Structure formats: structure tokens, C-alpha cells
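Student: quick one, structure for this:
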Amino acid sequence: MRPMAAPGRLSPCPTATRTTTQLSDNIDGSPATERLTFTLDGDAHEIDLNADHARQLRASLDVFIQHARRTGAQTIGHRDNCKRTTLAPDHRIIRSWARTHGHRVTATGRISPTLLRAYQAAQLTPAELSPRRQAPPTRPPRPPAPTGKGPRACEELTGRWQAASDETGDEISRPRASDAVIDTTAGGRDPWST
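Tutor: Down below sits the predicted model:
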């Protein structure tokens with residue numbers, strides 16, 4: 001006879017646990033023989049049935065299945081809500097490349113998206129750079145919106161447009177008085193007139 005452990009102490013005898021899952025029919029509670037999964041109107045369903053109820057379900061759906069189209073295989077069950085990610089590039093290699101090409105980069109922390117794009121572009125061969133993948137040509141920055149109200153705002157905007165055309169050498173047409181926007185929310189009145 002083995003000695004019994006004191007209350008609150010571990011037993012000297014090894015113990016095992018056996019878990020048994022017993023399926024019961026969802027309709028009448030009898031022992032179920034199978035678990036069926038199906039999708040209807042985009043909702044996935046699962047039901048435990050005995051052999052008779054499973055046969056009845058298949059027979060009742062058979063007429064519809066014969067006239068239905070098959071779609072791609074769909075998996076029903078646990079859906080992983082995690083985002084799918086690609087493998088991250090080795091930051092040590094990117095930092096080393098950045099230093100050798102004159103970029104300032106910290107020893108640790110986040111690598112800027114601009115630096116990451118520059119590194120990835122440098123890794124591409126000329127054959128991989130198709131016209132679709134090349135960076136779009138740079139354009140002069142768009143002049144900011146006027147800050148004032150009334151006729152001065154239009155003059156301010158015209159001056160900024162003129163300044164933008166002087167810097168780039170491109171000709172930008174000056175706005176005409178007919179280009180003024182009429183605010184229909186103000187009852188159709190011209191917002192420039194007071």
C-alpha cells in the first residue's frame with residue numbers, strides 16, 4: 001500500500017487525465033456520429049447529427065445541389081484575423097548600405113520609408129525597372145491656397161502662381177476673373193463681393 005500525501009501536498013503517485021468528447025445530435029440529443037459543416041448566404045454553420053439525421057439533411061439538399069454551380073473550395077472553421085505580413089528586410093544590411101551611400105541612419109529604431117524605398121530601388125536591376133515602376137517625373141510644388149478673403153486673396157494667389165512659374169521656368173497661366181468660384185452655399189452670392 002502506497003502512502004497518501006498530506007493535504008495540500010503533491011501526491012507521490014503519478015496521475016493522468018483523460019478527456020473524452022462525446023458528440024450529441026443537435027436535434028434530438030441522441031449520440032451523434034458526425035459533424036457537418038455548410039455555408040448558406042455567406043454564414044458558415046456546423047451541426048452534430050446522428051446517421052439518420054445526416055442522411056435526411058443530405059437528401060433534402062440533394063435536389064438543390066444537383067442544380068447548383070460548384071465554387072472554389074472554401075475552408076470553414078477557425079479564421080485567422082491576423083494581418084498577413086511579408087518577411088521584413090534585414091535592418092542591419094539596410095543600415096550598412098545607407099551609411100556607405102551617404103545616408104544618415106541611427107544604429108537602432110525604425111528605418112524611414114524613404115530610406116527603405118531607396119534601398120529597395122537600389123537592389124533592382126535595370127531590366128526590372130520597367131516604365132511602370134520608375135518614379136514619376138518631379139513637378140514643381142503646387143502653390144498653397146490663398147489665406148485671405150476677397151480680391152486680395154486672388155491677387156495673393158496670382159502672385160504665388162507667378163512666383164512658381166519664375167522658379168521652374170514653366171509657364172503657368174494666370175487665373176482670369178471668370179475663373180472665380182461662386183459659393184452656392186451662400187445663396188448664390190458672389191463670395192468676393194461684400
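Student: how is the protein divided into domains?
Tutor: If you go by automatic domain parsing, the domain ranges for the chain are 34-67, 91-127, 143-174.
Student: per-stretch mean pLDDT over those domains, give me the minimum one.
Tutor: Among the domains of the chain, domain 143-174 carries the lowest mean pLDDT, a mean of 54.
Student: now the helix or strand hosting His45: buried residues?
Tutor: For His45, the element it lies in under DSSP states H and E is strand 43-49. If you call a residue buried by 16 or more other CB atoms under 10 Å, then strand 43-49 has these buried ones: 47-49. The way it works is simple: take the backbone N, C-alpha and C, and place the C-beta from them, glycine included.
Student: can you check stretch 24-37 too?
Tutor: Buried residues in stretch 24-37, counting neighbours by 16+ other CB under 10 Å, are found at 25, 32.
Student: what is the end-to-end distance of that stretch?
Tutor: Using CA to CA, to the nearest Å, one end of stretch 24-37 lies 15 Å from the other.
Student: one step back: show me which of the buried residues of strand 43-49 is closest to Arg142.
Tutor: Looking at those and their distance to Arg142, the nearest is Ile47, at 60.6 Å (CB to CB).
Student: with Gln120 as the reference, measure out to the closest one.
Tutor: Ile47 sits 50 Å away from Gln120, going by CB to CB, to the nearest Å.
Student: also Ser96?
Tutor: 15 Å.
Student: for the closest residue to His53 other than its chain neighbours, grab phi and psi.
Tutor: Spatial nearest neighbour of His53, excluding adjacent residues (CB to CB, 6 or more residues apart in numbering): Ile27 at 5.5 Å. When quoted as degrees, to the nearest 10, the phi and psi of Ile27 stand at phi -90, psi -50.
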